[in-house]
Each structure stands twice: as structure tokens, then as C-alpha cells.
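Asks: 3D, please:
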Amino acid sequence: MIQENADPAVLRDLDAWMARIAPEDAKGYEHADEGPDDMPAHLRSSVTRTNESIPIARGQLALGTWQAVYVWEHRRAPHTRSLVVHISGV
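Replies: The predicted model follows:
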């Protein structure tokens, strides 16, 4: 996702908001095959993006002054993810 990168409070507030809308509650979900963060991770990923389109200008990402790209993992258990970057154009 693309979010502000100047004030760390933005990411803390996003994390707190996400915890309120999809809390880890072992009794609140039927699906918990991989632990208490399993179903909340599914719910959280349903409201965050799975891809971004970012223009490139003069060889750099054309982000706003305060913006950065974040990969927001919704699981607490350590694991590996892969990113695929597709560049198109001239």
C-alpha cells in the first residue's frame, strides 16, 4: 500500500484501526486452522490492496513528497513472501 512516510504515527494508527475492525478473537471466528491470527489476516487482507500501479518519472517512483510503499503483512507468524514487480512502458 502507499501511505505517508513522514510521521510514524500514521502506521501506528492504521495498525490500531485494523485491530479494531478485525481483532484477534479465538472465539469470534470459525476458521482458525493456523492460529488466532489466521482469520483476522484474511479479513484484513480483504480491505488492503494486493497490487499497486506506480508511475515512474525520470527513473524514480513518482510518489508524493511524504509517500512510501509498504508491504503490510497481516500474520504474526514468521514466513516468507515473494514480490513480483512488473515494469511496462518505454
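
Asks: every contact and neighbour count from this point should use C-alpha atoms.
Replies: Will do.

Asks: now residue 21, what are its backbone angles?
Replies: phi -80, psi -20 (degrees, to the nearest 10).

Asks: do residue 20 as well
Replies: phi -80, psi -40.

Asks: in contact with it, which residues?
Replies: By Cα atoms under 8 Å, 6 or more residues apart in numbering, the contact list for residue 20 is empty.

Asks: what's the local residue count around residue 5?
Replies: Neighbour count for residue 5, taken as other Cα atoms under 10 Å: 16.

Asks: pretty sure it is touching residue 64, no?
Replies: No - using Cα atoms under 8 Å, residue 5 makes no contact with residue 64, being 9.9 Å away.

Asks: what's the first helix or strand after the strand or helix carrying residue 11?
Replies: According to DSSP states H and E, residue 11 maps onto helix 8-21. Remark: after helix 8-21, the chain's next helix or strand is helix 38-46, criterion DSSP H and E.

Asks: now do that next one: everything it contacts.
Replies: So helix 38-46 is contacted by 18, 22-24, 29, 31-32, 74-75 (Cα under 8 Å, 6+ apart).

Asks: what residue ranges in the chain score low on pLDDT?
Replies: Confidence mapping of the chain against pLDDT under 70 gives the ranges 89-90.

Asks: that older thread, now that we have the contacts of helix 38-46, which of them are buried?
Replies: By neighbour count, with 16 or more other Cα atoms under 10 Å, the contacts of helix 38-46 hold 18, 22-24, 74-75 as buried.

Asks: near residue 40, how many other residues are there?
Replies: Using other Cα under 10 Å, residue 40 has 25 neighbouring residues.

Asks: and what of residue 37?
Replies: Other residues within reach of residue 37, judged by other Cα under 10 Å, total 19.

Asks: dihedrals phi and psi, it?
Replies: Main-chain dihedrals, residue 37, degrees, to the nearest 10: phi -90, psi 0.

Asks: that'll do, ta.
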